[in-house]
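Q: Output the structure for:
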Amino acid sequence: MSDKDDDTSTPTQSGDPIGGFKRAMGRLFKSKEDKLENALATISSIQACKDAAITGEENLRLLAVCRLGDFGSKSFDTLDIALNDESKIIRAMTAGVLASLADNRAIPILEAHTSDDDEIVRDAISFALDWLQTRGEDVVDEPLMPEALFAGGEQILEATPIRTSDDVIVTNGYQVSDTKLQFRSTIANKTSETISEVTIAILSFPPDSLLQPYGRTQIISSIKPGKSESVEFEFYVNSEAIEGEIVSSVIFVNGDGERIAAKSGNCFIRSIYSQIEPFEMNADEFQAMKKGKTTWNREHVVEVEAKTLFKIVKKLSERYNLHSLRTESSVKDGMLMGVVAGTGKGKFTDARLTVTITLVGKVGEGISKVRIDTISDDSELIQIAASEFFERLQIEIQDIE
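A: This is a model prediction of the structure:
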């Protein structure tokens, strides 16, 4: 514990964690550009916060951990990981964020880290545990659906049924093309009786990038045992960057006339490349664009041979509407290094985007390292562009196994 502070009655007043946080903020404010504002702009959604808290550089990880507190228990999994961060400041701040949620379900998460090898972190965790045990609440998960939901004066959902079913299976998915997003919900009846009045309702969606569909509820009159039916909701896209959750509900009537809720879950959506068109740019223009623009990168180890990975990356870059700026590979001492760079432009704002994928791996071995760098005029695009590219890359790798 530091003795720089006169009042050392609680670990939060010890000086070191807060001082470290202030110094980190100071580093962000040193530049003439508002780096803090730019950094915060890239972590506006929970998924962006989770990504940044684990894969970002230290200052951004710190910001992301703090912002995760806005999402309550949905951020527990990532905050648990952050308690293993290499930075003691981030670990101490994570303990404080968990305490600030006043949710007693955070207690076992913190208890698993009470033997941290740093005294400051141990004190922060101890204080957080004392705080929760004194002032925390026994929070329960929110109901599957709200008691009533209104949109523009229209009631979307009636009172929540008391019972839920594990035998009516809901599968959600989406597809983005041009300026439309099709959200599809498939309901499979695994019960031994016909279910009726199956009501599917859209409870929420990312309003900053999607326009509300015409009609947020649809009804399937009946579904026989062992059969399934689907409905689609059409959203209009009004932004290059789509990221967030579509939350839906499914209610049906069983053979006894009871209203039952199915477990519909949330559908996480992320899309940018469908809203991008190729944009030709030469090497000099690319270098000029890099100056003063917001950047993002992420690195991963993937289980695929380097030559195969290079082929997959080239195909993805073409499929994702990127103009080819650079595509090359070389082998030296049995190691393959490849670079694929492409440029695009947003259909809505004309914001430019560059994506550079660098990969390296030993020829003939089934493991490689890949780094994805994104640069854009619009800070909202870079994290989504890198994450969507990597997600698709993982799917392509799995498909060849």
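Q: Check the model's average confidence along stretch 175-185 for me.
A: The pLDDT scores in stretch 175-185 average 90.
Q: first to last residue in it, what's the distance?
A: Start and end residues of stretch 175-185 are separated by 12 Å (Cα to Cα, to the nearest Å).
Q: What lies in contact with it?
A: Here stretch 175-185 makes contact (Cβ atoms under 8 Å, 6 or more residues apart in numbering) with 170-174, 200, 202, 210, 213, 230-238, 242, 246, 248, 250, 264, 267, 269, 271, 274-275, 347. Heads up, the C-betas are built off the backbone N, CA and C, glycines and all.
Q: Could you list the buried residues of it?
A: Residues of stretch 175-185 classed as buried by neighbour count (16 or more other Cβ atoms under 10 Å): 176, 181, 183, 185.
Q: tell me the two of these that are most distant?
A: Longest distance between any two of the buried residues of stretch 175-185 is 16.2 Å, between 176 and 185; criterion Cβ to Cβ.
Q: Would you mind measuring from residue 319 to residue 359?
A: As judged by Cβ to Cβ, to the nearest Å, residue 319 and residue 359 stand 17 Å apart.
Q: Looking at these two, which is more packed in?
A: residue 359 (24 against 11; other Cβ atoms under 10 Å).
Q: Just give the nearest non-adjacent residue to that one, would you?
A: The shortest distance from residue 359 to any non-neighbouring residue, by Cβ to Cβ, 6 or more residues apart in numbering, is to residue 370 (4.5 Å).
Q: Walk me through which strands the helix or strand that neighbour falls within pairs with, and which way each runs.
A: Using DSSP states H and E, residue 370 sits in strand 368-376. Taking DSSP bridges as the criterion, strand 368-376 sits next to strand 294-302 (antiparallel), strand 352-362 (antiparallel) in its sheet.
Q: Now the longest one: buried residues?
A: Just to be clear, that refers to strand 352-362. Residues of strand 352-362 classed as buried by neighbour count (16+ other Cβ under 10 Å): 352-361.
Q: try the shortest one
A: Under the neighbour-count criterion of 16+ other Cβ under 10 Å, strand 294-302 has 294, 296-298, 302 buried.
Q: and the strand or helix carrying residue 94, C-alpha only, in PDB?
A: Following DSSP H and E, one finds residue 94 within helix 88-100. C-alpha atoms of helix 88-100 as PDB (Å, rounded to 0.1, in the frame of the first residue of the first chain):
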ATOM      1  CA  LYS A  88      -2.000  -4.500 -12.100                       C
ATOM      2  CA  ILE A  89      -3.900  -1.200 -12.700                       C
ATOM      3  CA  ILE A  90      -6.400  -2.900 -15.000                       C
ATOM      4  CA  ARG A  91      -6.800  -5.800 -12.500                       C
ATOM      5  CA  ALA A  92      -7.400  -3.300  -9.700                       C
ATOM      6  CA  MET A  93      -9.800  -1.300 -11.700                       C
ATOM      7  CA  THR A  94     -11.700  -4.400 -12.700                       C
ATOM      8  CA  ALA A  95     -12.300  -5.200  -9.100                       C
ATOM      9  CA  GLY A  96     -13.700  -1.700  -8.600                       C
ATOM     10  CA  VAL A  97     -16.000  -2.100 -11.600                       C
ATOM     11  CA  LEU A  98     -17.400  -5.400 -10.200                       C
ATOM     12  CA  ALA A  99     -18.000  -3.800  -6.900                       C
ATOM     13  CA  SER A 100     -19.800  -0.800  -8.500                       C
END
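Q: Need the per-residue pLDDT for residue 26.
A: So, for residue 26, pLDDT stands at 54.
Q: so where's the stretch 51-200 of the chain shaky on pLDDT?
A: Applying pLDDT under 70 to the stretch 51-200 of the chain picks out residues 56, 140-162.
Q: sorry, back to before: same list (the buried residues of strand 352-362) but as TSV, adding pLDDT and distance to residue 395.
A: Listed next are those as TSV, based on pLDDT from 0 to 100; distance: Cβ to Cβ, whole Å:
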residue	pLDDT	distance to residue 395
352	92	27
353	93	21
354	93	23
355	94	17
356	94	21
357	95	15
358	95	20
359	95	17
360	95	22
361	93	19
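Q: ok, and the closest non-adjacent residue to residue 188?
A: Leaving aside its sequence neighbours, residue 188 sits nearest to residue 228 (Cβ to Cβ, 6+ apart; 3.9 Å).
Q: what are the phi and psi values for residue 344?
A: Main-chain dihedrals, residue 344, degrees, to the nearest 10: phi -150, psi 180.
Q: go on, residue 313?
A: Taking degrees, to the nearest 10, you get phi -60, psi -40 for the backbone angles of residue 313.
Q: list the contacts for it?
A: Counting by Cβ under 8 Å, 6+ apart, residue 313 makes contact with 338, 340, 357, 359, 370, 393.
Q: Going by distance to residue 166, which of the residues you listed wins?
A: Set against residue 166, the nearest of the contacts of residue 313 by Cβ to Cβ is residue 393 (34.0 Å).
Q: quick one on the thing from earlier: what are the buried residues along the helix holding residue 94?
A: Under 16+ other Cβ under 10 Å, the buried positions of helix 88-100 are 88-99.
Q: Now do the very next helix or strand once past that helix: everything it contacts.
A: Counting by DSSP H and E, the element after helix 88-100 in chain order, helix or strand, is helix 107-111. Surrounding helix 107-111, the residues in contact under the criterion Cβ under 8 Å, 6+ apart are 76, 79-80, 83, 95, 98, 125, 128-129, 132-133, 136.
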